[in-house]
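Enquirer: Pasting the sequence and the predicted model now:
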Amino acid sequence: MKKIVPFFVALLVISCGSDDSSTTTTPEEQMYFPPIGSTTWETKTVQSLGWNQSQVQPLLDYLELKHTKSFIVLHNGKIVLENYFNGHSANEPWYWASAGKTLTTAVTGIAEEEGYLNINNKVSDYLGTGWTSIPLAKENLITNKHLLTMTSGLNDALGDDVTPANLQYVADAGTRWAYHNVYVKLQDVVAASTGQSWSNYFNTKLRDRIGMTGGSWIQNGGLSVYWSTPRNMARFGLLALNNGKWENNQIVPQNYFQNATTTSQNLNLAYGYMWWLNGKTSFRLPQSQLQFNGTLIPSAPSDMYCALGKNDQKIYVVPSRKLVIIRMGDVADGVNFALSDFDETLWEKISAVIN
């Protein structure tokens with residue numbers, strides 16, 4: 001039978017405090033970071049978190065059915081679930097597709113912190129004029145921030161080619177949101193401003209500092225696409241959960257990262273600096289100028305932000321639950337550029353486990 005503490009006694013304890021630490025709640029678990037240069041990664045169990053073990057297998061069955069290759073769930077940095085399907089293995093790299101846009105976001109922030117660039121400056125300050133085929137006055141409207149927020153005003157219907165001839169005018173920068181691979185020009189901005197190759201600066205300033213060993217940028221149709229093991233993707237997700245901080249080292253500036261994971265413009269409320277944002281009142285999707293009312297993934301926590309890549313490459317980050325969730329694999333259903341119906345159903349099944 002539970003004892004009921006009278007209100008005035010409880011109030012007295014709260015107001016006066018207590019020297020007896022045994023009366024306080026259990027200290028909050030410290031965030032865990034896997035060691036750099038080691039394959040060691042601490043784990044915890046579904047049962048220890050009070051999650052629903054009976055719903056784990058239905059989740060895994062669904063993932064396998066939907067052509068998943070790898071699935072990882074971190075809680076407070078420790079691995080709770082790590083599963084591989086359809087012939088994939090832990091040491092086998094896979095492509096991030098547009099989930100890797102957030103890597104470019106992070107490195108741009110690092111370069112700005114180091115004084116090499118300013119995201120509010122125009123792109124032509126770094127690449128020179130003529131990096132598009134649009135009139136110079138219009139080209140000079142496009143800033144680095146417009147590339148980060150998908151508001152360059154360039155034509156998004158011309159494919160992945162980002163050579164000048166294929167970068168054509170549709171609207172003034174800042175007046176139109178459109179998902180466009182012109183963001184990759186930020187990699188050129190970083191290279192030009194730092195005097196280093198993109199991959200070298202990325203490796204030394206981000207990859208190596210959080211232990212994302214072995215990953216690499218591979219050219220694909222004029223774009224540089226990142227490939228890595230699932231655990232390396234999980235490391236980046238853990239960095240994101242901690243607002244750009246790895247243990248005691250602030251890798252990506254905290255204020256910049258917080259700006260990157262909040263609404264960055266008023267055209268697509270569910271978009272930051274190449275991070276997708278849940279819990280907003282409306283959103284837009286790639287290859288469309290339609291605005292949809294409601295939240296991006298209704299079955300997911302409202303504070304979630306995510307990196308979404310073609311054919312269902314996913315990094316979900318949920319600060320309120322201290323979760324990072326990774327999904328790599330082939331497309332679940334039909335070909336998509338970022339979000340798909342798969343996200344909603346997947347989150348229904350994840351929620352059945354964690355709630």
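Expert: Here it is on my side, so go on. Numbers count the residues shown, from 1 in each chain.
Enquirer: quick one: low-confidence ranges for the stretch 1-150 of the chain?
Expert: In the predicted model, the stretch 1-150 of the chain carries pLDDT under 70 at residues 1-27.
Enquirer: mind redoing it with 80?
Expert: Applying pLDDT under 80 to the stretch 1-150 of the chain flags the ranges 1-28.
Enquirer: Need phi/psi at Val324.
Expert: Main-chain torsions, Val324, degrees, to the nearest 10: phi -130, psi 130.
Enquirer: Which residue is the nearest non-sequential neighbour of it?
Expert: The shortest distance from Val324 to any non-neighbouring residue, by Cβ to Cβ, 6 or more residues apart in numbering, is to Gly237 (3.7 Å). For every residue, glycine as well, the C-beta is placed using N, CA and C.
Enquirer: where's that neighbour relative to Asp341, distance?
Expert: With distances taken as Cβ to Cβ, to the nearest Å, Gly237 is found 23 Å from Asp341.
Enquirer: Neighbour count: these two, which is higher?
Expert: Gly237 (25 against 11; other Cβ atoms under 10 Å).
Enquirer: what helix or strand is that one on?
Expert: Gly237 belongs to helix 230-241 when assigned by DSSP states H and E.
Enquirer: Output that helix as PDB, nothing but the C-alphas.
Expert: Extracted in PDB, the C-alpha atoms of helix 230-241 (Å, rounded to 0.1, in the frame of the first residue of the first chain):
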ATOM      1  CA  PRO A 230      25.800   2.000 -40.700                       C
ATOM      2  CA  ARG A 231      27.700   2.600 -37.500                       C
ATOM      3  CA  ASN A 232      29.400   5.500 -39.000                       C
ATOM      4  CA  MET A 233      26.100   7.000 -40.000                       C
ATOM      5  CA  ALA A 234      25.000   6.400 -36.400                       C
ATOM      6  CA  ARG A 235      28.100   8.300 -35.100                       C
ATOM      7  CA  PHE A 236      27.000  11.300 -37.100                       C
ATOM      8  CA  GLY A 237      23.400  11.000 -35.800                       C
ATOM      9  CA  LEU A 238      24.800  10.900 -32.200                       C
ATOM     10  CA  LEU A 239      26.800  14.200 -33.000                       C
ATOM     11  CA  ALA A 240      23.500  15.600 -34.200                       C
ATOM     12  CA  LEU A 241      21.700  14.600 -31.000                       C
END
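Enquirer: chain center to it, what's the gap?
Expert: In terms of Cα atoms, centre = their mean, to the nearest Å, the centre of helix 230-241 is set 9 Å apart from its chain centre.
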